[in-house]
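Asks: A structural model of the following input is requested.
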Amino acid sequence: MPKLKQWICSSLLVVVSVAPALAGAKDATDSKTPAETTANPAAQPAAAANPNVSPVVGNANVTALLGVLVMKGVLAPSEANAIRTAAPEAEFQLLVEALARKGVVSASDLSAVGTPSPAAQPAVASAAPVLVEVAAQTSQAPAPKETKPAGPVVVPAVAPLRVLPIDPPVKDGLIPGFKVGAVKVTPYGFIKATAVHDTSSPNGDDFPFPGIFLNSSSVFNTGPTRDPSFHIKARASRFGANFEWPDIAPKLTLTGKVEGDLEGGFTEVDNADVSSIRNPTPRLRLAYVRLDYAASERSDVFFEGGQNWSLFGSTALPNIVETTFLGAYSGDVWERTPQMRFGLVQKLGSSDRNFKFSPEFALMMPSTGQIYKLNGTLGGFEAQIGEGERQGADSGRPELEGRAVLQFQLDKAPAVAPAQLIWSGYQARRTAITTSSNLAGAPADLLAQYPGGFTNSSNLYGNQLAVQLPTRWVTFVASAFRGGDMRFMLAGQLNTFYTDTTGLYNVQTVQTVDNVGVAGAQQVGCTVAIQVESTCAASNGTWKIARQRPVGAFGGFINVGLPLSRWFNADPKGHNAGWQLLLHAGKDQVVHGDIKRALGIGCASADAIKPTGCNGGIPLSQSRLLAATVYYKLNNWATFAFEQSQYQTTLTPEVGPLYTIAGQPATKWKDQRTEIGPIFTF
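Replies: Residues are numbered from 1 along each chain as shown. The predicted structure is shown next:
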């Protein structure tokens with residue numbers, strides 16, 4: 001270490017002596033042609049020493065010294081680049097400060113070597129060779145040969161869509177677009193404009209919704225036609241930024257992300273009343289911070305807090321153009337939700353397959369996904385916060401989610417992403433509250449039994465198995481799930497839970513504190529038949545709260561990506577390198593026995609005089625999605641997409657042809673959807 005300090009001090013003095021001369025010669029240096037620079041290897045020693053350091057654009061001597069310091073591990077490439085890109089008069093001071101922070105040199109070290117006199121300054125012509133010679137004598141390793149960075153030799157394979165990658169961020173790895181103080185910020189996003197034609201869109205949306213027309217005056221009737229629609233939309237455009245915060249601990253990495261789009265609804269104001277459809281409102285998609293601790297070279301432990309994709313389902317997503325709903329209620333399960341997340345990324349073995357295992361656990365915001373349009377008494381904000389935020393939060397506990405991912409390199413060919421095997425699951429609870437005020441008008445013995453009111457609960461749960469298998473020829477992604485009360489997870493055909501009145505007499509329907517009706521209302525009945533002009537208690541019975549049960553659901557999807565340009569050996573730098581074809585099939589279905597009972601079919605109270613059916617079902621049995629997508633990537637920033645898809649919803653068989661499609665009774669509703677447009681990324 002003393003010898004290293006002595007060498008650094010000597011080199012710094014050489015820099016001090018030649019810096020004024022080089023400052024005067026900078027214009028001449030900058031005016032050299034690329035051919036002249038290449039002909040003189042001494043003019044770019046930093047680039048030869050380490051490819052992570054950018055080519056020389058400032059003081060040649062400081063740059064040369066920086067290259068050697070990076071090669072010897074004294075400075076990180078990011079630190080060297082920060083010094084190199086500073087103003088010429090500030091480079092030397094920044095270098096001294098960096099070395100002093102690392103404890104390599106001090107003021108006493110510099111004074112011990114002595115300060116050269118101005119008369120001893122070497123000539124400009126010999127300045128660069130002198131410093132290069134000092135650096136060459138100090139380094140024991142031979143100078144590496146200058147090589148040009150190798151470009152891709154093949155067209156990349158189709159990469160799976162991964163919104164929750166398991167590879168941890170690299171410390172100082174974020175290349176900043178700009179800085180806010182010491183915080184690195186890199187903006188990103190895309191502008192997406194598509195034209196959409198639907199052969200049947202009775203709900204009036206510019207994205208596909210399951211076959212219940214909640215925005216129409218009739219939820220199962222399309223009118224005299226199939227009700228086609230045409231939209232042009234740009235509100236799916238997305239804007240975000242990645243962040244990295246500095247920290248002195250070498251093993252601690254602090255990163256974050258914020259992301260939004262314009263799909264939050266439409267603003268209606270005086271100057272845009274009749275034209276509110278062109279005023280999409282911003283909404284938050286993602287906003288989180290993450291702390292990674294490198295416990296060892298093979299282990300990374302992390303914590304994340306904020307809003308991100310759910311661990312359940314979102315680990316495996318389809319690669320399709322329609323991203324507003326992204327296959328929701330058609331076989332794809334996902335969410336973005338507030339969470340506190342913990343995890344480990346562990347490298348396994350020493351195989352060139354690069355095995356990694358990542359178990360994760362998260363505390364999530366509990367939600368059940370109330371649809372305000374289904375409420376019979378209230379609408380809008382009041383109903384939306386009713387079951388969506390009240391009955392989940394009123395459980396008094398978080399939603400629990402977890403996943404485990406095994407990642408490895410299935411195909412070792414160049415430009416192929418690693419494969420993943422995935423399990424994910426979640427469990428939550430919802431609670432409805434009925435107060436004594438909600439029981440006003442109920443039988444006296446019911447009030448006497450529940451003087452303070454009562455509560456009722458049911459579970460939300462799900463499990464998913466998924467694979468992502470990229471190869472040079474084809475990329476195969478598949479997901480399968482099963483669970484109960486999965487409306488918030490965008491599955492179960494919009495069903496949530498039902499109230500089972502089996503075995504009860506004289507059933508009473510009572511309201512909840514959150515004013516949610518239909519599926520949210522509670523029911524209570526007597527355990528015995530009430531005698532004429534008597535009460536439940538006098539008839540030797542008790543009032544029993546009707547049990548609430550989740551409606552089961554299952555489904556999944558298969559997504560196959562074909563790298564057409566790679567198949568035909570296209571030039572990876574040419575305009576024919578970006579052709580991809582993706583084929584998709586998905587299905588979401590409710591458990592038949594559950595939906596029958598939820599609709600009151602074969603499920604009713606025991607009271608022959610006043611039978612009350614089980615309550616809470618939506619008569620949709622299943623929805624399917626078939627899609628073919630073609631992507632043409634013009635370059636790294638511009639992609640053109642075309643997607644032809646079919647969305648289909650089938651009613652529960654027991655309800656019969658409840659649909660009226662183009663004036664005809666039907667049991668199925670179909671929509672042939674065409675979407676095409678450009679996507680420009682930045």
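Asks: distance of Val507 relative to Val532?
Replies: 17 Å (C-beta to C-beta, to the nearest Å). Backbone N, C-alpha and C define where each C-beta goes, glycine included.
Asks: neighbour count winner among these two?
Replies: Val507 (22 against 6; other C-beta atoms under 10 Å).
Asks: those strands in the stretch 501-650 of the chain, which residues are they?
Replies: 505-510, 522-526, 543-545, 547-550, 552-562, 579-590, 620-633, 638-651 (DSSP state E, counting those that start in this stretch).
Asks: surely Ala195 and Gly677 touch.
Replies: Yes. Contact between Ala195 and Gly677 holds when scored by C-beta atoms under 8 Å: they sit 5.9 Å apart.
Asks: all helices for the chain, in order.
Replies: Under the criterion DSSP state H, the chain contains helices at 2-30, 34-39, 45-49, 60-71, 77-84, 88-101, 107-113, 124-138, 311-314, 380-385, 392-393, 444-449, 564-567, 592-598.
Asks: just checking, Ile230 touches Ser201?
Replies: One correction, residue 230 is Phe, not Ile. No. If you go by C-beta under 8 Å, Phe230 and Ser201 don't touch, sitting 9.1 Å apart.
Asks: for the two, indicate the residue with more neighbours.
Replies: In this view Phe230 and Ser201 are compared by other C-beta under 10 Å, and Ser201 has more residues nearby, 25 against 11.
Asks: residues in contact with Val269?
Replies: Shown in contact with Val269 (C-beta atoms under 8 Å, 6 or more residues apart in numbering): 276, 279.
Asks: which of the strands of the stretch 501-650 of the chain sits most buried?
Replies: strand 522-526 (a mean of 25; mean count of other C-beta atoms under 10 Å).
Asks: what are the pairing partners of that one, and which direction each?
Replies: strand 505-510 (antiparallel), strand 543-545 (antiparallel) (DSSP bridges).
Asks: ok now the longest one, how far from the chain's centre?
Replies: Okay, so that is strand 505-510. 45 Å (C-alpha atoms, centre = their mean, to the nearest Å).
Asks: with stretch 343-363 instead?
Replies: With C-alpha atoms, centre = their mean, you get 19 Å for stretch 343-363.
Asks: gap between the two ends of it?
Replies: 12 Å (C-alpha to C-alpha, to the nearest Å).
Asks: same check, this time on stretch 573-584
Replies: Termini of stretch 573-584 sit 28 Å apart (C-alpha to C-alpha).
Asks: who touches that stretch?
Replies: With C-beta under 8 Å, 6+ apart, stretch 573-584 has contacts from 151-152, 155, 158, 318-320, 327, 557-565, 570-571, 625-635, 639, 645.
Asks: where do the strands sit along the stretch 101-250 of the chain?
Replies: Using DSSP E, counting those that start in this stretch, strands in the stretch 101-250 of the chain cover 178-180, 183-192, 194-198, 229-233, 238-245.
Asks: list the strands paired with the first one, with their directions.
Replies: In other words, strand 178-180. strand 183-192 (antiparallel).
Asks: got the CA coordinates for the partner strand in CSV?
Replies: The C-alpha trace of strand 183-192 is given here as CSV (Å, rounded to 0.1, in the frame of the first residue of the first chain):
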residue,chain,number,x,y,z
VAL,A,183,-30.0,10.7,-6.6
LYS,A,184,-29.8,9.1,-10.0
VAL,A,185,-32.9,9.3,-12.1
THR,A,186,-33.6,7.5,-15.4
PRO,A,187,-36.9,8.3,-17.1
TYR,A,188,-38.5,5.7,-19.3
GLY,A,189,-41.8,4.9,-21.0
PHE,A,190,-43.6,4.5,-24.3
ILE,A,191,-46.2,6.2,-26.4
LYS,A,192,-48.8,3.8,-27.7
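Asks: contacting residues for the residue positioned nearest the centre of the chain?
Replies: Here the mean C-alpha position of the chain is nearest to the C-alpha of Val163 (C-alpha atoms, centre = their mean), at a distance of 3.9 Å. Contact analysis of Val163 by C-beta under 8 Å, 6+ apart lists 309, 314, 317.
Asks: separation between it and Arg430?
Replies: On the measure of C-beta to C-beta, Val163 and Arg430 end up 26 Å apart.
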